[in-house]
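Chemist: please find the sequence and the predicted model below.
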Amino acid sequence: MIELVRLEAVLDDEALAAMIAEIEAALPVGVRHRQLSVRSFLLGVACCLSDGRPAHLSRVHQALCAFEDGDRRRLGVLVEEKGVAHLLTYRQVEYMNHLLDKVLGKKTPDGLATTRLQELLDALIDASVPEHYKATSSLALDWTDYESFAHAPGKDGLSADPEAAWGHRRGGGPGEHSELFFGHYANLSTMVREADGPEVPELVRQMTMSACNHDPVPVVVKVLVGRFKKHALLPGDLLADSGYAHRVPEHFALPLRAAGASLVMDLHPSDRGPQGTFHGALAVNGNLYCPQTPTALLDVAPLPRGASNEEIAAHDEKTAELARYKLGRINTDDDDGYHRVACPAVQGKLRCPLRSASMALDYSRPEVLEPPEHPPDCCSQQSLTVPPAVNAKTRQKHDYPGKAWRASYARRSAVERSNSRIKDPATVDVAKGWCRVMGLVTPSLFLAVAISCRNLDLVDAFESRMRESDRRRAAGLEPRTRRRRRQSIAELAKAGLTAPP
């Protein structure tokens, strides 16, 4: 369990404390003084979730009442009324949760968070991240399922949870690709190290939650872009799988690119390979290539899992050869997203008869043997101006799926671990029944507090591991590394031939 003083320090963060005070002022004032404050309620939720207990209001009440006598009086859990000590009741905890739902929710529920609720979720999570780690600007994105405690709608189409909807998640059965569930999508943004930077703890920096009848990608993009503008942040790399990259550009790639983010994405199979032309140049995997690029190079796909060293070397050689045919940038994007590219022969990457100067290059470079009879603009002009609409969905930081892209995209596994932590039965165990309050406000608020507690644990574990590595390095020992034990099916079959019957 996390110490009470650390949890209070999170709630006393300047930005979060100001937001809590604003919410407190917005709560209705009754005839009788309200005993439980918003800060004490959130502290009870944090204490309840820091030791892995379910997010039940009854357990929040138990956590508040379990404080020592001095803390209970300080936090308003135990008060004197007319000379009689009054201990906080469960009904008062339930009433506070009801008030927060009214202030942070919508009069007409639609499955989307209000601006005030989203700002509170951001502040709760941001307060759990130490200041010296906030300089890291690269994020990995992924969403996971959150199943509502309510039963799915029956024949009448009604449910006790008006803000939940049917969604898809990965199936748990053998050969089951996906299954239906009734609830919400929780979208996590996890901090990852910079491309050439030192290791950092995999802390969650932002969370959104929405009903499954809303596409989670535009929801998180809107929040991210708003955060960048509000805090004048310069985003770094944004890593996402094909579930994000396959969206229409206006929902994902274009707004993030306009905000200054560098996208590192896995492309959907239908977005890979040639996707048309631009002034004669082939649009392939987010780049423009010479129209005479060998067809065998255009169908290059990402390496399969468990590829051998020989397969990796052959793949890297193929992608390096493909890069020689790419029209290279000669400037960065301007304010409108336009940039210029030049023919690879002009840049000295290959030999082409249409560019007489390139024929003086040595024969280590590939040569275009059959130039087009009627050269298009990309072969006749010195350079081309490429508008942002070209490769709008697939353009990214690295050449897909080359060696640099593979090394950069490998960082995305951090957000997979973030999702697994909140689903792990040994920690948060977010599953049906984890929170028995329906709607959007309370589950998202409880989940944000749980993520804050996990961030504190991750910081402790990361800094302890760094201290141990420094100690071993000072003693002349190599830092401990994790050994990966992986055997292919061929190796297992070979070993079985020599095994005793």
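Modeler: Sure, I can see it. From a predicted model like this one, the values you see are computed outputs, not experimental measurements. Numbering: from 1, shown residues only.

Chemist: okay, CA-based contacts and neighbour counts for the rest of this
Modeler: Will do.

Chemist: please enumerate the helices of the stretch 1-150 of the chain.
Modeler: 4-11, 14-26, 38-50, 57-65, 69-74, 90-104, 115-127 (DSSP state H, counting those that start in this stretch).

Chemist: to Ala493, which of the ones you listed lies closest?
Modeler: Judged by CA to CA, the one of these that comes nearest to Ala493 is helix 38-50, at 46.1 Å.

Chemist: which secondary structure elements does the closest one contact?
Modeler: If you count contacts as 3 or more CA pairs under 8 Å, 6 or more residues apart in numbering; DSSP states H and E, helix 38-50 packs onto helix 4-11, helix 14-26, helix 57-65, helix 90-104, helix 441-474.

Chemist: rerun that using 7 Å as the cut-off
Modeler: In terms of contacts (3 or more CA pairs under 7 Å, 6 or more residues apart in numbering; DSSP states H and E), helix 38-50 is packed against helix 4-11, helix 14-26, helix 57-65, helix 441-474.

Chemist: contacting residues around the shortest one?
Modeler: Where contact means CA atoms under 7 Å, 6 or more residues apart in numbering, the residues beyond helix 4-11 that reach it are Ala17, Leu43, Ala46, Ala127, Ser128.

Chemist: show me how far that helix is from its chain's centre.
Modeler: Relative to its parent chain, helix 4-11 has a centroid offset of 26 Å by CA atoms, centre = their mean, to the nearest Å.

Chemist: what does stretch 410-418 give?
Modeler: How far stretch 410-418 lies from its chain's middle: 8 Å, per CA atoms, centre = their mean.

Chemist: with only the CA atoms kept, save that stretch in PDB.
Modeler: In PDB, the C-alpha atoms belonging to stretch 410-418 read as follows (Å, rounded to 0.1, in the frame of the first residue of the first chain):
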ATOM      1  CA  ALA A 410       9.500  -1.500 -30.800                       C
ATOM      2  CA  ARG A 411       9.000   1.100 -28.100                       C
ATOM      3  CA  ARG A 412       5.200   0.800 -28.600                       C
ATOM      4  CA  SER A 413       5.200  -2.400 -26.400                       C
ATOM      5  CA  ALA A 414       5.300   0.000 -23.400                       C
ATOM      6  CA  VAL A 415       1.600   0.800 -23.800                       C
ATOM      7  CA  GLU A 416       0.700  -2.800 -24.100                       C
ATOM      8  CA  ARG A 417       2.300  -3.300 -20.700                       C
ATOM      9  CA  SER A 418       0.300  -0.400 -19.300                       C
END
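
Chemist: so which bits of that stretch are buried?
Modeler: For stretch 410-418, the neighbour count (16 or more other CA atoms under 10 Å) marks Arg411, Arg412, Ser413, Ala414, Val415, Glu416, Ser418 as buried.

Chemist: same question, stretch 116-130
Modeler: With burial defined by 16+ other CA under 10 Å, the residues of stretch 116-130 counted as buried are Leu117, Gln118, Leu120, Leu121, Asp122, Ala123, Leu124, Ile125, Asp126, Ala127, Ser128, Val129.

Chemist: what is the most widely separated pair among the contacts of helix 4-11?
Modeler: Top of the distance list for the contacts of helix 4-11 (CA to CA): Ala17 and Ala46, 15.1 Å.

Chemist: ok, these two, which is more surrounded?
Modeler: Ala46 (28 against 17; other CA atoms under 10 Å).

Chemist: any idea how far the nearest residue to the more buried one once chain neighbours are set aside is from Leu49?
Modeler: Spatially, and ignoring its direct neighbours in sequence, Ala46 is nearest to Val449 (5.9 Å; CA to CA, 6 or more residues apart in numbering). Shown here: Val449 relative to Leu49, a distance of 8 Å by CA to CA, to the nearest Å.

Chemist: ok, those two, which is more surrounded?
Modeler: Leu49 (28 against 24).

Chemist: skip ahead from the longest strand anywhere in the chain and say which helix or strand is next.
Modeler: The single longest strand within the chain, with elements called by DSSP state E, is strand 178-191. Where DSSP states H and E defines the elements, the next helix or strand beyond strand 178-191 is strand 204-211.

Chemist: tilt between that next one and helix 115-127?
Modeler: Angle of strand 204-211 versus helix 115-127, following axes from the mean of the first three to the mean of the last three CA atoms, to 10 degrees, is 150 degrees.

Chemist: next, the angle strand 178-191 makes with strand 204-211.
Modeler: Angle, strand 204-211 to strand 178-191, by the same axes, to 10 degrees: 150 degrees.

Chemist: His339 touches Leu327, doesn't it?
Modeler: No. Checked against CA atoms under 7 Å, the pair His339 and Leu327 is beyond contact range at 11.8 Å.

Chemist: when these two are compared, which one has more neighbours?
Modeler: Leu327 (25 against 17).

Chemist: separation between that one and Gly70?
Modeler: Counting by CA to CA, the gap from Leu327 to Gly70 is 70 Å.

Chemist: confirm Arg340 sits in a helix?
Modeler: No. Arg340 sits outside any helix when classified using DSSP: H, G, I helix; E, B strand; the rest coil, being strand.

Chemist: isn't it up against Ile330?
Modeler: Yes. Here Arg340 reaches Ile330: they are 5.8 Å apart, a contact under CA under 7 Å.

Chemist: please say which of the two ends up with more neighbours.
Modeler: Arg340 (17 against 13).

Chemist: who's in contact with Asp51?
Modeler: Neighbours of Asp51 in contact, by CA under 7 Å, 6+ apart: Met1.

Chemist: before we move on, what about Lys134?
Modeler: With CA under 7 Å, 6+ apart, Lys134 has no contacts at all.

Chemist: for it, report the pLDDT, please.
Modeler: You'll see Lys134 listed with a pLDDT of 91.

Chemist: same deal with Gly172?
Modeler: On pLDDT, Gly172 comes in at 66.

Chemist: likewise Ala461?
Modeler: What the model reports for Ala461 is a pLDDT of 93.

Chemist: from Val60, how far out is it?
Modeler: Relative to Val60, and taking CA to CA, Ala461 is found at 26 Å.

Chemist: looking at these two, which one has more neighbours?
Modeler: Legend: neighbour count by other CA under 10 Å for Ala461 and Val60, higher for Val60 (25 against 12).

Chemist: so how far is Asp429 from that one?
Modeler: The gap separating Val60 from Asp429 is 17 Å, by CA to CA.

Chemist: same list (the buried residues of stretch 410-418) but as a markdown table, adding secondary structure.
Modeler: As requested, the buried residues of stretch 410-418 are exported to a markdown table (three-state DSSP):
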| residue | secondary structure |
| --- | --- |
| Arg411 | helix |
| Arg412 | helix |
| Ser413 | helix |
| Ala414 | helix |
| Val415 | helix |
| Glu416 | helix |
| Ser418 | helix |
